[in-house]
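Q: Quick one, what's the 3D model for this:
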Amino acid sequence: MTPRLTISADGPEAFEGWRQAFAACAPDIETVSWFDPATQREAAHYALVWEVSDADLGALSRMRGILCTGAGVNHLVSRPGFPDHVPLIRMGGDDTGILMADYVLWAAISLLRDARGWALQQAARVWSRNLVSRTSRETEVTVLGYGQIGSVVAQHLAKAGFSVTAWRRSGEGGKDGPVHLCTGDAALSARLEKTDLLVNLLPSTSRTRHILDRALLGRMKPGAGLINVGRGDHLVEADLIALLDEGRLGGAVLDVTAEEPLPANAPLWEHPRIILTPHVASEASRRAQVLYLADVIRQLERGERPALLFDRERGY
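A: Purely as a prediction, here's the structure:
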């Protein structure tokens, strides 16, 4: 039987783009619009979603699998009545890791060379040679999280010349190629004291929410920078602003915020030491997404376990 995928992600206007991409890249999978009145949602085997409403939950509970267009699914699983018995798979794919690695490398160089300061000077038509002479090989980077994406990011930074240590909550220390590995809370505390740039790629769980607070960020070297590409709820934004204003931290690049879209009156917008991007660090092309999603559906059809199957015990 041909697997049937019903698509609600990105709204009704986006369906035709999804349909064409599946027709070109995965013609063995039938696609129907969640919003089409003629669609029998209960007859679909899989659903591709971002947001869901209470009215959606009944149909979703009868699916063989639910696929999310984002790497984070907390907004789904935290909804009362979300069908825990249905496999939930997060977005991934090779392009996702590479895109994230490229973004983080750009962010690291931007902080290293004070790109935000130069941009403000250009906007004000100020010619000031605020030279930066520190090199990548003199810069200690700590990556929080060494999973499927974190490992790609850490290796990419190391190959670019940065001295990189990746921290994970459990597992063994040692080295993975050029990347040093450390584990456990004590190792993190010691590592932060040597950190020039902190890259957050942790999942959002009850243990990691608000982990980036004054206590943790304040342990880094004076003038250190933060790159948050994990989740918006990891960061206590008021603590970051205070540390930047005090000169304790030198800058930050944020691709995620606690509230998205970020309200127009949020102080993050205009802070002179913060670079903001609108949650775009690792959004792959539609073709790459479809290739990944089709592979996930085929794995589920064969009774296999996709790598990014949401684990409710771990919380990611």
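Q: Do you have the strands of the stretch 101-250 of the chain handy? List them.
A: Residue ranges of the strands in the stretch 101-250 of the chain, as given by DSSP state E, counting those that start in this stretch, are 140-144, 163-168, 174-176, 179-183, 197-200, 224-228, 249-254.
Q: And these: which comes nearest residue 313?
A: Of all those, strand 163-168 sits nearest to residue 313, with 17.0 Å by Cβ to Cβ. All C-beta atoms are positioned from the backbone trio N, CA, C, and that covers glycine.
Q: Which strands or helices does that closest one pack on?
A: When contacts are defined as 3 or more Cβ pairs under 8 Å, 6 or more residues apart in numbering; DSSP states H and E, strand 163-168 sits against strand 140-144, helix 148-159, strand 179-183, helix 185-192.
Q: So what touches it?
A: Strand 163-168 is touched from outside by 137-147, 150-151, 154, 157-158, 176, 178-183, 187-188, 191, with contacts defined as Cβ atoms under 8 Å, 6 or more residues apart in numbering.
Q: quick one: it to strand 179-183, angle?
A: 30 degrees (axes from the mean of the first three to the mean of the last three Cα atoms, to 10 degrees).
Q: who touches the residue nearest in space to the middle of the chain in this structure?
A: Among the residues of the chain, the one closest to the centroid is residue 230, at 4.5 Å (Cα atoms, centre = their mean). Taking Cβ under 8 Å, 6+ apart, we find residue 230 in contact with 144, 145, 200, 201, 202, 203, 204, 208, 256.
Q: Distance check, the residue nearest to the third one when sequence neighbours are not counted against residue 48.
A: Leaving aside its chain neighbours, residue 200 sits nearest to residue 230 (4.3 Å; criterion: Cβ to Cβ, 6 or more residues apart in numbering). Between residue 230 and residue 48 the distance is 23 Å, computed by Cβ to Cβ, to the nearest Å.
Q: now swap in residue 122 and tell me
A: 42 Å.
Q: who has more neighbours, the two?
A: residue 48 (27 against 10; other Cβ atoms under 10 Å).
Q: Wait, that one touches residue 4, no?
A: No. The pair residue 48 / residue 4 is not scored as a contact, 11.4 Å apart, by Cβ atoms under 8 Å.
Q: hang on, the earlier thing: can I get the strands of the stretch 101-250 of the chain in a markdown table with mean pLDDT and distance to residue 60?
A: Below are the strands of the stretch 101-250 of the chain laid out as a markdown table (pLDDT from 0 to 100; distance: least, Cβ to Cβ, whole Å):
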| stretch | mean pLDDT | distance to residue 60 |
| --- | --- | --- |
| strand 140-144 | 98 | 32 |
| strand 163-168 | 97 | 32 |
| strand 174-176 | 95 | 38 |
| strand 179-183 | 97 | 37 |
| strand 197-200 | 98 | 31 |
| strand 224-228 | 98 | 31 |
| strand 249-254 | 98 | 32 |
